[in-house]
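Peer 1: would you be able to build a 3D model of this:
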Amino acid sequence: MDLEQIFNDNKEQSIEGRYLTLESIEPLLNKLNTNNQLSIVGESVLKKPIYKYHIGCGKTKILLWSQMHGNESTTTKALFDFINVLHNGSSLASELLEAFTFCCIPMLNPDGAKTYTRVNANEIDLNRDSQDLTQPESLVLQEVFRSFEPHYCFNLHDQRTIFGVGSSGKPATVSFLAPSYNEEREINESRLKAIHLIAGINEVLQKYIPGQVGRFDDSFNLNCIGDTFQALGVPTLLFEAGHYHEDYQREKTRKYIFMALLSSFTILSENDIVDNGINKYLNIPQNKVVFYDFLYKNVKLNYDGIEKITNFAAQYKEELIEDELVFNAYFVEIGDLDGYYGHFEYDAKEAAYKDNDSNFPKLNQKADFYLENSIKFVNGLINK
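Peer 2: Residues are numbered from 1 along each chain as shown. I've put the predicted structure just below:
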């Protein structure tokens, strides 16, 4: 199967970038509602509709939800790319629709999506509300889970640019987790199914992004929805869309999430369980916080009249300004920073730092500065 070509042929062109709201996807949902597949299953805190898209007639039931965290939109884009496959009239589409029934909630947190925040309008993290069920969005997901009775759950998220694949120096472009179902992090039948499936997906992705697949921490927290569904005996997979080189809009990562989704259903339909799946899953390196967006090395800084050669780092803040998402770089750390990498790295070769206010980068200051060799940096990058 040519996953690259399938993605190119089915990529949904009407949505792109990181800021994806309910207004962005409603026209698309209505266009895809060719046979009453679309329904409203509840409302957000601010009374925005939460949509469910139901398609297929197969025996194996798959529940997928995205944008539980409003500012995590990459998997939403990939989910629509996959739904386009189901509508393209191909033999692959027919096979998938006959093998599976898909129940998709593409945007569980429309209020958080609008304000580009992780939390909902009550400032509650929905992924810590699976037991208390204090929020309307949490109740919607629980009710869909209860009524649909899925055989597999796909919990779709984004992760920050700070994560690398172990200490390899490669970004964690895609990470997975088969959530724990108890404190001991034991492996029961449902978790084992998720583990085997992730091991198979990883084998596929290694052909496209070798060394850039990570494994998320599996510490048990029953308040997390994945742990809850796993504890209820339903194999659950956590997807985390991460950083790919110079892909801050996550259009490349979108492709790899699409590949992971399509591969997972192919593996399930063909019952293609990998050999030695537990070891292959555990051999996926764990995510590790080893990256900054910007790392400047060997810079001469003035510490109260004492010059020192050191390193400093900057990180983007994703700031919503007049409904436009802006990436603004701010200084976040100064020091040796051994063991850390930058998605952008610059060796100053002992050139002195200066800016319009001082000769020292202050934490939380905008990353606009000069080096004595007349190189100017604006918003973290060299101003060409």
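Peer 1: where does the closest residue to residue 98 other than its chain neighbours land in three-state SS?
Peer 2: Once flanking residues are discounted, residue 98 sits nearest to residue 58: 5.5 Å by C-beta to C-beta, 6 or more residues apart in numbering. Just so you know, the C-beta spots here come from the backbone N, C-alpha and C atoms, and that holds for glycine as well. When classified by DSSP: H, G, I helix; E, B strand; the rest coil, residue 58 comes out as coil.
Peer 1: state the distance from residue 58 to residue 65.
Peer 2: Distance, residue 58 to residue 65, using C-beta to C-beta, to the nearest Å: 19 Å.
Peer 1: what bits of this structure have low per-residue confidence?
Peer 2: Within the chain, no range satisfies pLDDT under 70.
Peer 1: which residue is nearest the centroid of it?
Peer 2: Nearest to the mean C-alpha position of the chain, by C-alpha atoms, centre = their mean, lies residue 158 at 1.8 Å.
Peer 1: now do the same end-to-end measure for stretch 176-191.
Peer 2: 13 Å (C-alpha to C-alpha, to the nearest Å).
Peer 1: in that stretch, what's buried?
Peer 2: By neighbour count with 16 or more other C-beta atoms under 10 Å, stretch 176-191 contains the buried residues 176, 177, 178, 179, 180, 181, 190, 191.
Peer 1: in TSV, list the residues you listed along with distance to residue 350 and secondary structure.
Peer 2: Output for the buried residues of stretch 176-191, formatted as TSV (distance: C-beta to C-beta, whole Å; DSSP: H, G, I helix; E, B strand; the rest coil):
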residue	distance to residue 350	secondary structure
176	42	strand
177	43	strand
178	48	coil
179	48	coil
180	48	coil
181	54	coil
190	57	helix
191	52	helix
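Peer 1: out of those, the closest to residue 36 would be?
Peer 2: residue 190 (31.7 Å; C-beta to C-beta).
Peer 1: I'd like to know how far the closest one sits from residue 77.
Peer 2: Residue 190 is 28 Å from residue 77, by C-beta to C-beta.
Peer 1: can you show me the helices along the stretch 101-250 of the chain?
Peer 2: For the stretch 101-250 of the chain, the helices defined by DSSP state H, counting those that start in this stretch occupy 110-115, 136-148, 189-205, 225-231.
Peer 1: tabulate those (TSV), appending distance to residue 355.
Peer 2: Putting those into TSV (distance: least, C-beta to C-beta, whole Å) gives the following:
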stretch	distance to residue 355
helix 110-115	32
helix 136-148	43
helix 189-205	42
helix 225-231	44
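Peer 1: what's the closest of those helices to residue 9?
Peer 2: Among the helices of the stretch 101-250 of the chain, helix 189-205 comes nearest to residue 9, with 18.1 Å by C-beta to C-beta.
Peer 1: report the buried residues of that closest one.
Peer 2: Quick answer for helix 189-205 (16+ other C-beta under 10 Å): 190-202, 204-205.
Peer 1: contact partners of that helix?
Peer 2: 3, 152, 174, 176-181, 187, 212-213, 230, 233-237, 256, 259-260, 263-264, 267-268, 272-274, 277-278, 280-281, 284 (C-beta atoms under 8 Å, 6 or more residues apart in numbering).
Peer 1: quick one: contacts for residue 170?
Peer 2: Taking C-beta under 8 Å, 6+ apart, we find residue 170 in contact with 164, 211, 212.
Peer 1: can you flag which of those residues belong to strands?
Peer 2: The members of the contacts of residue 170 that map onto strands under DSSP state E are residue 164.
Peer 1: of the contacts of residue 170, grab the buried ones for PyMOL.
Peer 2: The following PyMOL line selects those of the contacts of residue 170 that are buried, judged by 16+ other C-beta under 10 Å:
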select buried, resi 164+212
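Peer 1: from residue 8, how far out is the residue of the chain positioned farthest from its centre?
Peer 2: In the chain, the residue that sits farthest from the middle, by C-alpha atoms, centre = their mean, is residue 305; the gap is 44.4 Å. Distance of residue 305 to residue 8, given as C-beta to C-beta: 58 Å.
Peer 1: just residue 70 next, same as before
Peer 2: Distance from residue 70 to residue 8, by C-beta to C-beta: 29 Å.
Peer 1: ok, the two, which is more surrounded?
Peer 2: The neighbour comparison of residue 70 against residue 8 (other C-beta atoms under 10 Å) goes to residue 70, with 26 against 11.
Peer 1: number of residues surrounding the closest residue to that one other than its chain neighbours?
Peer 2: Spatial nearest neighbour of residue 70, excluding adjacent residues (C-beta to C-beta, 6+ apart): residue 112 at 2.3 Å. By other C-beta under 10 Å, the residues close to residue 112 number 28.
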